[in-house]
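1. Sequence and predicted structure below; questions after.
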Amino acid sequence: MSYPKSPAPDVRPVSWKKRFGSVRLYVGVLIILVWGLAPFYWMAVVAFRDPAYTFDSTPWPTHVTFENFQNAFDTSRGNDFGNALINSVIIGAATTAIALILGVMAAYALARMTFKGKYLVSGLILSASMFPAVVLVTPLFQLFTNIGWIGQYQAMIIPNISFVLPMTVYILASFFAELPWELEEAARIDGASKFQAFRLVMLPLAAPAVFTTAILAFIAAVNEYLLARLLSSQSTEPVTVAIARFSGNDPLVQPYASIMAAGTIVTIPLVIMVLIFQRRIISGLTAGGVKS
């Protein structure tokens, strides 16, 4: 008894267009990786290099030493990098917490409520994020000098909130607008108040977006330099200011290796945090972007 032969698999040669498209994709990704990671790589290479060979152009680590990291934390030259790290955490955490509290409520109101001038308010909030910070330097310096805030944490936290808050509202409002409002209505029918429905139902659903916004707000607050340089004192300055005024044994020579070591110390935790929570960050940025 003969059985019918199974048809031969349809093996078609891959067209040159598809191969070229794949190669072009990988080349593009490689260029982006090199463009984004090359500065950080070179900073790390110089950070682990002997200060005598700071300007050596060898593209891989040579004359490896940990002396630069010790010099970064050395306070004998007037540098206080350890205290600056603590200041950056305090300023960044306070800015992020306050911006999230205000931003979540404002974004929820813009997404859920209908009122006159709603789009005007949204436009004003978005336009505030494009306002140049350099224009605010003189009035803020004069204001905080008059009220005695120069050199205190609030002199840096409050301006940072004004810069971070528009981004917070913009991201969260887009997310809240795509949430299923039927869940809130169901909670109201079950006896929950408006605030309970928001806190117990809608806010947990917005956790990915809130988490993403918190990370972006913290990074933005830590990276701020212009206002911090003018409004901080030596005891409250963040890492951006502390690194910029690093001094070495010779006042006429910049301690580039120590600066690179300090920059590496600041950057590595942020990179690790983003890598660990990258899925949550991506889900927070893309959630709500597609309507079901």
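-> In hand now; what should we look at? Numbers count the residues shown, from 1 in each chain.
2. For the rest of this, base every contact and every neighbour count on C-alpha atoms.
-> OK.
3. could I have whatever helix or strand F195 lives in exported to PDB, CA atoms only?
-> With elements taken from DSSP states H and E, the one containing F195 is helix 194-197. Extracted as PDB, the C-alpha positions of helix 194-197 are listed here (Å, rounded to 0.1, in the frame of the first residue of the first chain):
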ATOM      1  CA  LYS A 194     -14.200  59.600  44.000                       C
ATOM      2  CA  PHE A 195     -10.900  59.700  45.900                       C
ATOM      3  CA  GLN A 196     -11.200  56.100  46.900                       C
ATOM      4  CA  ALA A 197     -11.900  55.000  43.300                       C
END
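4. The helix or strand containing L85 - what's its average pLDDT?
-> Taking DSSP H and E as the criterion, L85 maps to helix 81-112. Averaging pLDDT along helix 81-112 gives 92.
5. mind listing what's buried in that helix?
-> For helix 81-112, the neighbour count (16 or more other C-alpha atoms under 10 Å) marks 81-85, 87-96, 99-100, 103-104, 106-111 as buried.
6. what does stretch 52-66 give?
-> Residues of stretch 52-66 classed as buried by neighbour count (16+ other C-alpha under 10 Å): T54, P61.
7. C-alpha coordinates for it, PDB please?
-> As requested, the backbone C-alpha atoms of stretch 52-66 are provided in PDB (Å, rounded to 0.1, in the frame of the first residue of the first chain):
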ATOM      1  CA  ALA A  52      50.200  60.400  34.500                       C
ATOM      2  CA  TYR A  53      48.700  58.700  31.400                       C
ATOM      3  CA  THR A  54      45.500  60.700  31.300                       C
ATOM      4  CA  PHE A  55      46.000  61.900  27.700                       C
ATOM      5  CA  ASP A  56      47.100  58.500  26.400                       C
ATOM      6  CA  SER A  57      45.000  57.800  23.300                       C
ATOM      7  CA  THR A  58      45.000  54.000  23.700                       C
ATOM      8  CA  PRO A  59      41.300  52.900  23.300                       C
ATOM      9  CA  TRP A  60      41.400  50.200  25.900                       C
ATOM     10  CA  PRO A  61      42.300  50.300  29.600                       C
ATOM     11  CA  THR A  62      46.000  50.700  30.300                       C
ATOM     12  CA  HIS A  63      48.000  51.500  33.500                       C
ATOM     13  CA  VAL A  64      44.900  50.500  35.600                       C
ATOM     14  CA  THR A  65      44.700  52.000  39.000                       C
ATOM     15  CA  PHE A  66      42.000  53.000  41.600                       C
END
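8. Make 131 the starting number, not 1.
-> With the count now opening at 131, the last piece we talked about shows up as stretch 182-196.
9. Measure how far that stretch is from the centre of its chain, please.
-> Computed by C-alpha atoms, centre = their mean, to the nearest Å, the chain-centroid distance of stretch 182-196 equals 30 Å.
10. For A322, the count of nearby residues, please.
-> Under the neighbour criterion other C-alpha atoms under 10 Å, A322 is assigned a count of 16.
11. one step back: for the next helix or strand after the helix holding F325, what is the average pLDDT?
-> For helix 324-327, the succeeding helix or strand toward the C-terminus, using DSSP H and E, is helix 333-335. In this model, helix 333-335 has a mean pLDDT of 85.
12. Need the contact partners of helix 333-335.
-> The contact list for helix 333-335, computed with C-alpha atoms under 8 Å, 6 or more residues apart in numbering, reads L309.
13. how about the helix or strand following that helix: buried residues?
-> Tracing the chain C-terminally past helix 333-335 and defining elements by DSSP H and E, one meets helix 337-353 next. Counting neighbours by 16+ other C-alpha under 10 Å, one finds that the buried residues in helix 337-353 are 338-353.
14. And for stretch 356-372?
-> Counting neighbours by 16+ other C-alpha under 10 Å, one finds that the buried residues in stretch 356-372 are 357-362, 366-372.
15. Looking at these, which one is closest to A303?
-> Nearest to A303, judged by C-alpha to C-alpha, of the buried residues of stretch 356-372 is L357 at 27.9 Å.
16. Which strand or helix spans the closest residue in space to G233 that isn't next to it in sequence?
-> Leaving aside its sequence neighbours, G233 sits nearest to V299 (C-alpha to C-alpha, 6 or more residues apart in numbering; 4.9 Å). Here V299 sits within helix 284-307, counting by DSSP H and E.
17. Which strands and helices lie in contact with that helix?
-> When contacts are defined as 3 or more C-alpha pairs under 8 Å, 6 or more residues apart in numbering; DSSP states H and E, helix 284-307 sits against helix 211-242, helix 248-258, helix 337-353, helix 356-361.
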